[in-house]
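Asks: no FASTA, just this:
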């Protein structure tokens, strides 16, 4: 519970600030210059960096917004000689100055942002200014999850710089193959967590509040976000430049009860550089995919929830298609990874470049293949379907739970059933399961009951599955070692199901768009479900039944 004395002090401070802002409004009206409340007005770091700190303090001013050569500058009093001198200097540099009057408290708070940019010109471009040698040493040192945790525990938060703190967090994430970093504000401190192979793990639960607030400000600086906005969501990105590659960090910040919460998505080019065989497809499924990718037109949909590996799969498809004779264009939100030989564009709703608008423009660019990041609405769905019917191979994603669920989902969006059948050539559903660590997985004894279930399971599989690959089966379980951070698992692989288009699908869609009818067709097509594919991967020693159940539900033995 809050201390009553603190509550009173806080209330008095609010009253004082309100009086100060009213005074600033009166002064602004007197000199006929607009008033600005820096507690509510976004401050751009490029604008802050435009005016040297010494000059800003002398003129009692600071830049807050910069667009092209127009700069918004706030002053305590724009009529002083120092203020006029600053305006003249900016005008001489070809800047159009828009002055505003602010309170002294707001100005003092804005001046504190200079500590984040002093001597760090590189960070203004969204690049992390890191000591390459030190960072490389940290990457080697953090051989496992526990080493990162120990480094965070040993930090001297009273003397450690914010830059050093962030460097440890980033190096640890890259060394442990984390896909995301979570920064979570709590009542008295902050928590740092890594997502590794789909699961979250605490790295530190004791980052002091003051250090955490400075860490948030530094991350905002790197992402070119508004430093003084704390009550609205913000999105951005920055780059970690290593000797051999550049790693993009996609950042989302939202307000929470005790401060701001951040999630960083790590976009490592090595993580997406996957070929078709490396996806983990069985030979029969791989043959089906290669056949559909060889067609000159059609719509291939990949379905599944966020984080199920859809982007990795579709990028592997695109790499299969890349050659000098084929033009491939994408429209994505955002572009996560760059692929050589492909024209990639990013949606920008503010500029009117939506998925639908981008797709409409792309079709006029004479492409052979098109990737649409996601079908979210009727307009995008209609254009994608029409493009696939007019000589283009279209790849896209859709949020559904299963492959057959994609058809009812398109109908729910408003697509006419008559358009769906002729356009769809292949629907994929996928999930990710953790892969057993090859260095420590250990065999388990198979019970007679399990052996009987597996015999029935293998008998019930479609004829297209090569059953000779599943003889002399050994089931494994996780153990844990230094290589896998003692998790027992290292890395993830996809489990898939494929639902083919064709005349029979067209016929069913025109009669009734029900999942029951579509499942019957899938059975007739000899579909291997995601769960069945997962069980087959257990039989190859790649994963466990527990992992398969975690993403597909309890196993339904036949």
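Replies: Perfect, thanks for sending it. None of these values were measured; they are calculated from a predicted model.

Asks: alpha carbons only for contacts and neighbour counts from here, please
Replies: Noted.

Asks: Strands of the stretch 451-558 of the chain, start to end?
Replies: 475-477, 489-500 (DSSP state E, counting those that start in this stretch).

Asks: Residue 296 belongs to a helix?
Replies: No: Residue 296: not assigned to a helix; according to DSSP: H, G, I helix; E, B strand; the rest coil it is coil.

Asks: ok, back up a step: single out the most deeply packed of the strands of the stretch 451-558 of the chain.
Replies: strand 489-500 (a mean of 23; mean count of other Cα atoms under 10 Å).

Asks: hang on, the earlier thing: need the strands of the stretch 451-558 of the chain in a markdown table (columns: distance to residue 142 and mean pLDDT).
Replies: Listed next are the strands of the stretch 451-558 of the chain as a markdown table, based on distance: least, Cα to Cα, whole Å; pLDDT from 0 to 100:
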| stretch | distance to residue 142 | mean pLDDT |
| --- | --- | --- |
| strand 475-477 | 26 | 96 |
| strand 489-500 | 16 | 95 |
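
Asks: Which one, of these, ends up nearest to residue 206?
Replies: Nearest of the strands of the stretch 451-558 of the chain to residue 206, taken as Cα to Cα: strand 489-500 at 27.5 Å.

Asks: Just the residues contacting the closest one, thanks.
Replies: 197, 279-281, 285, 308-309, 403-404, 424-437, 478, 480, 484, 522, 525, 527-531, 533-534 (Cα atoms under 8 Å, 6 or more residues apart in numbering).

Asks: I'd like to know which of the strands of the stretch 451-558 of the chain is closest to residue 454.
Replies: From the strands of the stretch 451-558 of the chain, taking Cα to Cα, the stretch that ends up closest is strand 475-477, at 11.2 Å.

Asks: Figure out how far the closest one is from the centre of its chain.
Replies: What separates the centre of strand 475-477 from the centre of its chain is 33 Å, taken as Cα atoms, centre = their mean, to the nearest Å.

Asks: next one: stretch 536-554
Replies: 26 Å.

Asks: From start to finish, how long is that stretch in a straight line?
Replies: 15 Å (Cα to Cα, to the nearest Å).

Asks: Buried by neighbour count: which residues of that stretch qualify?
Replies: Of all the residues in stretch 536-554, those buried under the rule 16 or more other Cα atoms under 10 Å are 536-549, 551-552.

Asks: Closest one of these to residue 349?
Replies: Closest to residue 349, out of all of the buried residues of stretch 536-554 and judged by Cα to Cα, is residue 551, at 33.6 Å.

Asks: how much space between that closest one and residue 530?
Replies: 9 Å.

Asks: What of residue 409?
Replies: For residue 409 relative to residue 530 (Cα to Cα), the value is 19 Å.

Asks: same question, residue 137
Replies: Separation of residue 137 from residue 530 (Cα to Cα): 42 Å.

Asks: So for those two, which residue has more residues nearby?
Replies: Neighbour count, other Cα atoms under 10 Å: between residue 137 and residue 530, residue 530 has more, with 23 against 12.

Asks: got a list of what that one touches?
Replies: 429-431, 495-497, 552.

Asks: likewise residue 200?
Replies: Counting by Cα under 8 Å, 6+ apart, residue 200 has contacts 193-194.

Asks: before we move on, what SS does it have?
Replies: Per three-state DSSP, the local secondary structure of residue 200 is strand.

Asks: What of the one 10 residues further on?
Replies: Counting by three-state DSSP, the backbone at residue 210 sits in helix.

Asks: sorry, back to before: which single one of the contacts of residue 530 is nearest to residue 266?
Replies: The closest of the contacts of residue 530 to residue 266 turns out to be residue 431 (Cα to Cα; 19.4 Å).
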